[in-house]
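Engineer: The following block contains a protein sequence and its predicted model.
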Amino acid sequence: VRLLTRDEYRNSVQDVLGVQLNSELIPADTIDLEFRYPGLADLGVINKANVGLYYELAVRVARQVDVQQLGFQQGGDNKAFVESLGRRLYRNRLPAEQSADMVAYLQEHGPNDLVAAMLVSPYFLYRSELGDDSEGGLFRLTQSEIATLLSFGFLGTTPSVDLMDKAEAGLLDTPDAIQAEVENMLSTERGQEQFARFVRYYDKSYKVVGDKPGLDDPTIADMRRELDTFSKQLIAKPTATMNELFNPGYTFLNERLARHYGVNGVSGEAMQRDNVDRTRGGLLHMGIMHVSNSDNTATSLVKRGKMLRKQMFCKTVGAGTGLDPEDVTFPTEPYTTRTYWTLITGEHASSGQCWGCHVYMNYGGASFENYAADGRYRIVEKAYNNASVNVPIDASGVLADNTGLANWMSFEDARDISEHMPENADARDCLARSYYGYVQGEQPTAGGRQTVKAMSQDLAAGGLLHKMLATLATSDALLYRKEGD
């Protein structure tokens, strides 16, 4: 069983009950630092504090529900109302005994209290992926569980009545049928929002960005809209590829964001597609990624380099040693932020003790140095040791492989790395592994690793994102569970 994430709870309440919730009212997701995505099944335990929050939230929602819109009529068919609402909220038909208990509760407490009671039920808060007993210790998910998994995995919300009807009719029992459903989901606003949510975790831009010099709240919101609009319009196309994810040659801007970036020729409040040069466009060139992975007033080679290595190449990077740099001699002439970090964490810092981890971060982080902490592109920066002097930025370097023993490539800037991403087997595997975890709620086990391998092969063969997602949706790893899973 898997606890609903904050987004899944919000979307389910809106889609079934017609109540829009502020996400901040919903208990926050617990995110494992290595897993990196919400919804990890092993963390789906509700602590005492969150029990109270879920109760308060259920009461709040129930007070706003228009029960007549849900089909309730005073003196009407209570059993039909309970079974219809129970099917939507619990994502399955109610057993007769449960239905009778809920009808009795409705008659005693009224429809709004019934809604509140249902929202604190484990049948709503958790989704089942237990399956039916079958041969060889494998449990195939029931048709209802497949509908639920597909809906939450590719739409981020509870299954529709139409999808549940298909499940009950046995129409989700073949790979072709499942693939068709996923394609349909990706063509919807909900499906495109779900992909955009994945991207926010993939590039670690999901966290709230606080006040930064040179940025105001509307511009930060526009940066998020830039990424979300790009992600949604990309996945809406069956021809979308991994290369376009990183190197589209365009982005989406409005007048305010274009002015912030120094891009001419864009007017109005609405986001519009704009063909851009190599300094913009694609995941590694989004302003929200740059500001989310920076310090408050300065860039951070470590934060940006760690994001690239951990999120895009799935390389575990150790925690800091806490060592103070020894015997560092800083230049007397003006020097760059990159020089500072190289001196205190580079190959020769602290007798090389830092380099075992920083080999994976410093060069990759340096590739983004053309992007200030506020997301603006620049070719010079204020010297780290003398703000009255500008010094030229060097964003070139080498990208070490995940062993740290060899280099994948040399680069001049972040665009060179972007262009390398679809060609890199570790990057393809990481994208596949990340989406697997996002949908499945677990790190891939033996069967899952085979699925990730097949998804990665899809990316190598043509890079089609829809093909990768179809491979995931129709895989045995998604549709079967083993004893102990």
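Structural biologist: Now that the structure is in, tell me what you want to look at. Numbers count the residues shown, from 1 in each chain.

Engineer: Return the helix or strand in the chain with minimum mean pLDDT.
Structural biologist: The weakest-scoring helix or strand in the chain, judged by mean pLDDT, DSSP states H and E, is strand 132-133 (a mean of 78).

Engineer: And the next helix or strand past it?
Structural biologist: Downstream of strand 132-133, the first helix or strand assigned by DSSP states H and E is strand 138-140.

Engineer: can you give me the strands in this protein?
Structural biologist: Taking DSSP state E, the strands of the chain run over residues 2-3, 126-127, 132-133, 138-140, 250-253, 272-275, 380-383, 386-392, 397-400, 407-411, 480-482.

Engineer: quick one: strands adjacent to the fourth one?
Structural biologist: When you say that, I think you mean strand 138-140. Here strand 138-140 is paired, per DSSP bridges, with strand 132-133 (antiparallel), strand 480-482 (antiparallel).

Engineer: Could you list the residues in contact with the last one?
Structural biologist: It refers to strand 480-482. 129-131, 137-141, 447 (C-beta atoms under 8 Å, 6 or more residues apart in numbering). Glycine gets a C-beta too; all of them are placed from N, C-alpha and C.

Engineer: Mind listing what's buried along it?
Structural biologist: Residues of strand 480-482 classed as buried by neighbour count (16 or more other C-beta atoms under 10 Å): 480-481.

Engineer: let's have the chain start at 46 instead
Structural biologist: Taking 46 as the first residue, the last one we looked at is strand 525-527.

Engineer: and the contacts of strand 525-527, which are buried?
Structural biologist: Among these, those scoring as buried are 174, 176, 183-186, 492 (criterion: 16+ other C-beta under 10 Å).

Engineer: Just the closest of those to residue 341, please.
Structural biologist: residue 174 (41.8 Å; C-beta to C-beta).

Engineer: What's the local residue count around the closest residue to the closest one other than its chain neighbours?
Structural biologist: The shortest distance from residue 174 to any non-neighbouring residue, by C-beta to C-beta, 6 or more residues apart in numbering, is to residue 190 (5.6 Å). Residue 190 is flanked by 23 other residues according to other C-beta atoms under 10 Å.

Engineer: Pick out the residue nearest the middle of the protein.
Structural biologist: Centroid check for the chain by C-alpha atoms, centre = their mean gives residue 243 as the closest residue, at 2.6 Å.

Engineer: residues in contact with the nearest residue to that residue once chain neighbours are set aside?
Structural biologist: In this structure, residue 243 finds its nearest non-sequential neighbour in residue 483, 5.2 Å apart by C-beta to C-beta, 6+ apart. Residues in contact with residue 483 (C-beta under 8 Å, 6+ apart) are 82, 84, 198, 243, 246.

Engineer: Report the contact partners of the third one.
Structural biologist: In other words, residue 198. For residue 198, the contacting residues are 239, 483-485, 518, 523, by C-beta under 8 Å, 6+ apart.

Engineer: so which of these is the most crowded?
Structural biologist: Most surrounded of the contacts of residue 198: other C-beta under 10 Å gives residue 239, at 27 neighbours.

Engineer: which residue packs closest to it, ignoring adjacent ones?
Structural biologist: residue 201 (4.0 Å).

Engineer: Contact partners for that neighbour?
Structural biologist: Contacts of residue 201 by C-beta under 8 Å, 6+ apart are 52-53, 56, 235, 238-239, 242.

Engineer: And the pLDDT at it?
Structural biologist: With respect to pLDDT, residue 201 has a value of 98.

Engineer: Kindly reformat the buried ones among the contacts of strand 525-527 as TSV containing pLDDT.
Structural biologist: Shown next, in TSV, are those (pLDDT from 0 to 100):
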residue	pLDDT
174	88
176	88
183	85
184	90
185	91
186	94
492	88
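
Engineer: can you put those residues in CSV and add distance to residue 429?
Structural biologist: Shown next, in CSV, are the buried ones among the contacts of strand 525-527 (distance: C-beta to C-beta, whole Å):
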residue, distance to residue 429
174, 51
176, 57
183, 58
184, 58
185, 59
186, 55
492, 50
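
Engineer: Between the residues you listed, which sits nearest residue 255?
Structural biologist: residue 174 (37.3 Å).

Engineer: residue ranges of the helices in the stretch 96-245 of the chain, please?
Structural biologist: 123-135, 141-154, 156-164, 167-170, 188-199, 206-213, 220-231, 234-247 (DSSP state H, counting those that start in this stretch).

Engineer: In CSV, list these along with distance to residue 346.
Structural biologist: Formatted as CSV, those follow (distance: least, C-beta to C-beta, whole Å):
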stretch, distance to residue 346
helix 123-135, 48
helix 141-154, 57
helix 156-164, 46
helix 167-170, 41
helix 188-199, 35
helix 206-213, 46
helix 220-231, 36
helix 234-247, 20
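
Engineer: hey, which of those helices is tucked in deepest?
Structural biologist: Burial of those is given as mean neighbour count (mean count of other C-beta atoms under 10 Å); helix 188-199 ranks first at a mean of 23.

Engineer: re earlier: least confident of the strands of the chain, on average?
Structural biologist: What stands lowest among the strands of the chain, in mean pLDDT terms, is strand 177-178, with a mean of 78.

Engineer: OK, contacts around the residue of the chain positioned farthest from its centre?
Structural biologist: In the chain, counting by C-alpha atoms, centre = their mean, residue 120 sits farthest out from the average C-alpha position, at 45.7 Å. Neighbouring residues of residue 120 by C-beta under 8 Å, 6+ apart: there are none.

Engineer: Same check on the one 5 residues further on?
Structural biologist: If a contact means C-beta under 8 Å, 6+ apart, then residue 125 has residue 116 as its contacts.

Engineer: Okay, it and residue 406: tell me how far apart.
Structural biologist: From residue 125 over to residue 406 the distance is 60 Å, taken as C-beta to C-beta, to the nearest Å.

Engineer: Residue 83 reaches residue 50, doesn't it?
Structural biologist: Yes - with contact defined as C-beta atoms under 8 Å, residue 83 counts as touching residue 50 (4.4 Å).

Engineer: shared neighbours of those two, which are they?
Structural biologist: Here residue 83 and residue 50 share the contacting residues residue 74, scored by C-beta under 8 Å, 6+ apart.

Engineer: Now tabulate the contacts of residue 201 in TSV and tack on distance to residue 359 and pLDDT.
Structural biologist: Shown next, in TSV, are these (distance: C-beta to C-beta, whole Å; pLDDT from 0 to 100):
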residue	distance to residue 359	pLDDT
52	23	97
53	24	98
56	28	98
235	28	97
238	25	98
239	21	98
242	19	98
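
Engineer: Now distance to residue 472 too, for the residues you listed, in JSON lines please.
Structural biologist: Shown next, in JSON lines, are the contacts of residue 201 (distance: C-beta to C-beta, whole Å):
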{"residue": "52", "distance to residue 472": "26"}
{"residue": "53", "distance to residue 472": "28"}
{"residue": "56", "distance to residue 472": "30"}
{"residue": "235", "distance to residue 472": "28"}
{"residue": "238", "distance to residue 472": "25"}
{"residue": "239", "distance to residue 472": "22"}
{"residue": "242", "distance to residue 472": "21"}
